[in-house]
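Asker: sequence-free structure coming up:
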């Protein structure tokens, strides 16, 4: 991963400020952007909690994964000037989220399990037999694309054929995306297994570099975009009808699911213990996967920029 110093000269306010659910980005020179991660956590397409250290874990773990998978596909990262910040190529995102699933699971309306539970047997263009139980392994990982939701709406499930037939992504680019997604997921499963974890499913986002290359962008294989389960007791818990022990944001998903929240209206106030448990899972996932100790970082981004971000309550 190339390391540069693109923040040497900053003129505030930075142009083209874009606020996402969990990060904020700004334009920099030479077709690059500054992405600043926050501790905000989203579920059911809404901000539902603030999880301490989540932003740093997400930012640093995603960069670690990008470095481990650079032989599969190029990524958008240029440098990490701060624990919460990344300078990246200003790629054009594809209008499709690429979810790869290795398990029949999930609690949102687009998940395999929720649709299967409702009686559907043809989901995302794949056929499923009767009698499959929740949280069981699929014969092989499958790609389940969704259109990117607008105005907080849940994403629309698509088949791989519809991605091309609707003109969302051209066939040549989509072939590259499919091959990369499955290879990235396989690499993720291999690394997770070595860490004693099971990568159940994950979301990838791809974009187009200004020079036309396909890139993996956003984040990958973090507790925000993936489900990581303890492998040592997975089968035991499955046999007992228990939820797998997770190292992701599943405690928050389940807490919201338990009170019937599906993203409509103001999210309920979560018990602090659920938030604390999620923080612990995020840090544990980082340490298990990278085999490194998580040390909360300081903020060496230029003071004027930091002051501006803090004033806007972005960190």
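Answerer: Sure, I can see it. In this text, all values refer to a predicted model and were calculated from it rather than measured experimentally.
Asker: and residue 67, how many neighbours?
Answerer: 11 (other C-beta atoms under 10 Å). No exception for glycine: its C-beta is placed from N, CA and C like everyone else's.
Asker: Confirm it sits in a helix?
Answerer: Yes - counting by DSSP: H, G, I helix; E, B strand; the rest coil, residue 67 falls inside a helix.
Asker: quick thing: my sequence starts at 899, can you match it?
Answerer: New numbering, starting at 899: the last item is residue 965.
Asker: Could I get the full set of helices for the chain?
Answerer: Ranges of helices in the chain, per DSSP state H, are 952-966, 1010-1015, 1058-1063, 1069-1092, 1132-1137, 1148-1156, 1170-1188, 1201-1209.
Asker: got the contact list for residue 1119?
Answerer: Residue 1119 makes contacts with 959-960, 963, 1082, 1086, 1089, 1097, 1100, 1187, as judged by C-beta atoms under 8 Å, 6 or more residues apart in numbering.
Asker: which one is residue 1111 nearest to, not counting chain neighbours?
Answerer: Among residues not flanking residue 1111 along the chain, residue 972 sits closest, at 6.1 Å (C-beta to C-beta, 6 or more residues apart in numbering).
Asker: What distance do you get for the spatially most central residue of the chain to residue 1039?
Answerer: Centroid-nearest residue in the chain: residue 1123, 2.3 Å away (criterion: C-alpha atoms, centre = their mean). Using C-beta to C-beta, to the nearest Å, residue 1123 is found at 15 Å from residue 1039.
Asker: before we move on, the earlier item: test my guess that the residue nearest to residue 1111 contacts residue 1106.
Answerer: No - if you go by C-beta atoms under 8 Å, residue 972 and residue 1106 don't touch, sitting 11.2 Å apart.
Asker: intersection of neighbour lists for the two?
Answerer: 1112-1113.
Asker: and the residue lying closest to residue 1085 once chain neighbours are set aside, how many residues sit next to it?
Answerer: Of all residues not flanking residue 1085 in the chain, residue 967 sits nearest, at 5.5 Å (C-beta to C-beta, 6+ apart). If you count neighbours by other C-beta under 10 Å, residue 967 ends up with 20.
Asker: Flag the shaky bits of the protein, pLDDT-wise.
Answerer: The chain contains residues with pLDDT under 70 at 899-913, 1047-1052, 1196-1213.
Asker: returning to what we had before: right, and the helices of the chain - which one's nearest residue 942?
Answerer: Across the helices of the chain, residue 942 has its closest neighbour in helix 1148-1156 (6.6 Å, C-beta to C-beta).
Asker: could you say what helices and strands the closest one packs with?
Answerer: Counting by 3 or more C-beta pairs under 8 Å, 6 or more residues apart in numbering; DSSP states H and E, the packing neighbours recorded for helix 1148-1156 are strand 938-941, strand 944-948, helix 1170-1188.
Asker: okay if I get these as TSV plus mean neighbour count and distance to residue 1140?
Answerer: Output for these, formatted as TSV (neighbours: other C-beta atoms under 10 Å; distance: least, C-beta to C-beta, whole Å):
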stretch	mean neighbour count	distance to residue 1140
strand 938-941	21	21
strand 944-948	18	24
helix 1170-1188	18	16
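Asker: Output those as TSV; include the columns distance to residue 979.
Answerer: TSV is the format used below for the helices and strands packed on helix 1148-1156 (distance: least, C-beta to C-beta, whole Å):
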stretch	distance to residue 979
strand 938-941	21
strand 944-948	23
helix 1170-1188	19
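Asker: ok, the residue lying closest to residue 1001 once chain neighbours are set aside - how many residues close by?
Answerer: Spatially, and ignoring its direct neighbours in sequence, residue 1001 is nearest to residue 1098 (4.2 Å; C-beta to C-beta, 6+ apart). Neighbours of residue 1098 under the rule other C-beta under 10 Å: 25.
Asker: give the contact list for residue 1013.
Answerer: 1007, 1021, 1055.
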